[in-house]
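Student: What shape does this take:
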Amino acid sequence: MAGTEVVLTGLGEVAVRRAEVPEPAPRGVVVRTEAAGVAFAEVQMRRGKYPAQPAFPFVPGYDLVGEVVAVGSQSSWRVGQRVAAMPRSGAWAEHVALRDRDLVEVPADIDAAEAVALVLNGVTARQLLRRAGVRRGHSVLVHGVGGGVGVLLAQLAAADGIRVLGTASAHRHEDLDGLGAELIDHRTQDVAAEVIARAPGGVDAVFDPLGPPSLPTSWRLLAPGGVLVSYGSSATLDQPGPWWRPYVAIARLMAGWELRRLLGRTGGRRARLYYVQAGERSRADLTELLRVVASGRLRPLIAERLPLHEAERALDLHLSGEKTGRIVLVPSADGTGNPKR
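Tutor: Numbers count the residues shown, from 1 in each chain. Okay, here's the model as predicted:
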């Protein structure tokens, strides 16, 4: 039996091909994918700009939700169970082999697209808040509040009694209404001036996925004792040079601020890096997020559901910034995936 998978074959090159269904490892399973997420990570991978990405050609896809259809001889899972995983790559396929230890059970009554929106994006949002150490009564600035992470970060923070300021293009504001964020149009408004006007003493945390062009301004918007959390470099996607160049620039900025902090010159302000990693902590966070969604207290925002064979379009759509929330790939119900010939 064969299924469909999406392959990045080279810089900017996306192919759809048939692939044999894999065999499970002894302590592993094979999952039939119900939904796979599209994140900025895959946009970067397509350009060869993601940190330590696999060599071309490879199947991308950071996260998925699906049904177990085969188990290894020593697996603790059963055929028919519904699971989520964050393999970092390989999820853009109809059938994916995964390790037992990487799986989280997904309740049957949660929509697959909403569930997959929690895997990479939701876990990142929850851990960003934990990294910052913000609490009820604090204020935060979320750059890119209309993205997959930002939508969930704003809701989680607001639910914890935290005031949220968020940047988003004006065309996204209607979709973001009701999420608990005070919106700033970064295209037509001066973000720094707006933040200072609304929070004259500064904010207690800034969550910045933009990278070196944005970080110095984010730092200046912190209140005494505040924390800047850097978790990406999306603003440098089109800049020439190797993938690691913007991250070296981020590390230099962070080192400079940390030295000043140690010398007592930052008013207690600090800067931290964050990078999501699969592991026991992330699986526990995902389990809790699934419970919160099931209770109706958290609403993943699905921007678009596209067939797996339209992955290239999904990448273009993500990069365009036209949509709000998470773009999701859904393999066809008949299992063919309609691959390009």
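Student: Going by C-alpha atoms from here, please, whenever you check contacts or count neighbours.
Tutor: Noted.
Student: If you tally nearby residues, what's the number for the closest residue to residue 215 other than its chain neighbours?
Tutor: Leaving aside its chain neighbours, residue 215 sits nearest to residue 208 (7.1 Å; criterion: C-alpha to C-alpha, 6 or more residues apart in numbering). Using other C-alpha atoms under 10 Å, residue 208 has 23 other residues around it.
Student: Please save the CA atoms from stretch 106-117 in CSV.
Tutor: What follows is stretch 106-117, C-alpha atoms only, in CSV (Å, rounded to 0.1, in the frame of the first residue of the first chain):
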residue,chain,number,x,y,z
VAL,A,106,-5.8,13.1,21.7
PRO,A,107,-9.5,13.0,22.8
ALA,A,108,-11.8,11.8,20.1
ASP,A,109,-14.1,14.8,20.4
ILE,A,110,-11.4,17.4,19.5
ASP,A,111,-11.2,18.5,15.8
ALA,A,112,-7.9,17.3,14.3
ALA,A,113,-7.0,20.7,12.9
GLU,A,114,-7.6,22.4,16.3
ALA,A,115,-5.6,19.7,18.0
VAL,A,116,-2.6,20.0,15.7
ALA,A,117,-2.7,23.8,16.3
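Student: my guess is the residue nearest to residue 215 meets residue 219, correct?
Tutor: No. Between residue 208 and residue 219 there is no contact under C-alpha atoms under 8 Å: 9.9 Å.
Student: Report the strands that pair with the host helix or strand of residue 182, each with its relative direction.
Tutor: Using DSSP states H and E, the element containing residue 182 is strand 181-184. If you go by DSSP bridges, strand 181-184 pairs up with strand 163-167 (parallel).
Student: gap between the strand it pairs with and the chain center?
Tutor: 18 Å (C-alpha atoms, centre = their mean, to the nearest Å).
Student: Pull out the buried positions in the following helix or strand past that strand.
Tutor: Moving toward the C-terminus from strand 163-167, the next helix or strand (DSSP H and E) is helix 173-176. Neighbour counts over helix 173-176 (16 or more other C-alpha atoms under 10 Å) mark 173, 175-176 as buried.
Student: before we move on, the earlier item: quick check: pLDDT value at the residue nearest to residue 215.
Tutor: For residue 208, the model assigns a pLDDT of 98.
Student: That one bridge partners, please.
Tutor: residue 230.
Student: In contact with it, which residues?
Tutor: 142-143, 214-215, 218, 228-232 (C-alpha atoms under 8 Å, 6 or more residues apart in numbering).
Student: What of residue 14?
Tutor: 6-8, 46, 312.
Student: Now do it, the pLDDT please.
Tutor: For residue 14, pLDDT reads 98.
Student: Check residue 179 too.
Tutor: If you check residue 179, the pLDDT there is 89.
Student: Find the nearest non-adjacent residue to it, please.
Tutor: residue 155 (5.6 Å).
Student: for residue 62, same thing?
Tutor: Leaving aside its chain neighbours, residue 62 sits nearest to residue 88 (3.9 Å; criterion: C-alpha to C-alpha, 6+ apart).
Student: Am I right that that neighbour is in contact with residue 64?
Tutor: No. Using C-alpha under 8 Å, residue 88 is not in contact with residue 64, being 9.8 Å away.
Student: Just want to know which of the two has more residues nearby.
Tutor: Ranked by neighbour count (other C-alpha under 10 Å), residue 88 and residue 64 place residue 64 first, with 35 against 18.
Student: What is the longest strand of this structure by residue count?
Tutor: Taking DSSP state E as the criterion, the chain has its longest strand at strand 28-38.
Student: ok now that one, how far from the chain's centre?
Tutor: 17 Å.
Student: neighbouring strands for that strand, and are they parallel or not?
Tutor: Sheet pairing here is set by DSSP bridges, and for strand 28-38 it gives strand 64-71 (antiparallel), strand 95-99 (antiparallel), strand 326-330 (antiparallel).
Student: residues contacting residue 74?
Tutor: Per C-alpha under 8 Å, 6+ apart, neighbours of residue 74: 26-28.
Student: which of these lies closest to residue 78?
Tutor: The closest of these to residue 78 turns out to be residue 28 (C-alpha to C-alpha; 10.5 Å).
Student: give me the number of residues near the closest residue to the closest one other than its chain neighbours?
Tutor: Take residue 28 and drop its neighbours on the chain: the residue closest to it by C-alpha to C-alpha, 6+ apart is residue 99, 4.2 Å away. Look at residue 99: counted by other C-alpha under 10 Å, it has 18 neighbours.
Student: looking at it, residue 99 is touching residue 27, isn't it?
Tutor: Yes. Between residue 99 and residue 27 there is a contact under C-alpha under 8 Å: 6.3 Å.
Student: so where is this protein shaky, pLDDT-wise?
Tutor: The model of the chain has pLDDT under 70 over residues 1, 332-341.
Student: Pull the contacting residues for the most centrally placed residue in the chain.
Tutor: The centre of the chain sits closest to residue 121, judged by C-alpha atoms, centre = their mean, with a distance of 3.4 Å. By C-alpha under 8 Å, 6+ apart, residue 121 lies in contact with 148-149, 152.
Student: how close does it get to residue 20?
Tutor: To residue 20, residue 121 is 30 Å away according to C-alpha to C-alpha, to the nearest Å.
Student: Convert the C-alpha atoms of the single longest helix found in the chain to PDB, please.
Tutor: Of all the elements of type helix in the chain, the one with the most residues (DSSP state H) is helix 245-262. Output of helix 245-262 as PDB, limited to C-alpha atoms (Å, rounded to 0.1, in the frame of the first residue of the first chain):
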ATOM      1  CA  ARG A 245      23.900  34.600  10.700                       C
ATOM      2  CA  PRO A 246      20.800  36.200  12.300                       C
ATOM      3  CA  TYR A 247      21.100  33.800  15.300                       C
ATOM      4  CA  VAL A 248      24.600  35.000  15.900                       C
ATOM      5  CA  ALA A 249      23.400  38.500  15.900                       C
ATOM      6  CA  ILE A 250      20.700  37.600  18.400                       C
ATOM      7  CA  ALA A 251      23.300  35.900  20.600                       C
ATOM      8  CA  ARG A 252      25.500  39.000  20.600                       C
ATOM      9  CA  LEU A 253      22.600  41.200  21.600                       C
ATOM     10  CA  MET A 254      21.600  38.800  24.400                       C
ATOM     11  CA  ALA A 255      25.200  38.600  25.600                       C
ATOM     12  CA  GLY A 256      25.500  42.300  25.800                       C
ATOM     13  CA  TRP A 257      22.300  42.700  27.700                       C
ATOM     14  CA  GLU A 258      23.200  39.900  30.100                       C
ATOM     15  CA  LEU A 259      26.600  41.500  30.800                       C
ATOM     16  CA  ARG A 260      24.900  44.800  31.600                       C
ATOM     17  CA  ARG A 261      22.400  43.000  33.800                       C
ATOM     18  CA  LEU A 262      25.200  41.300  35.800                       C
END
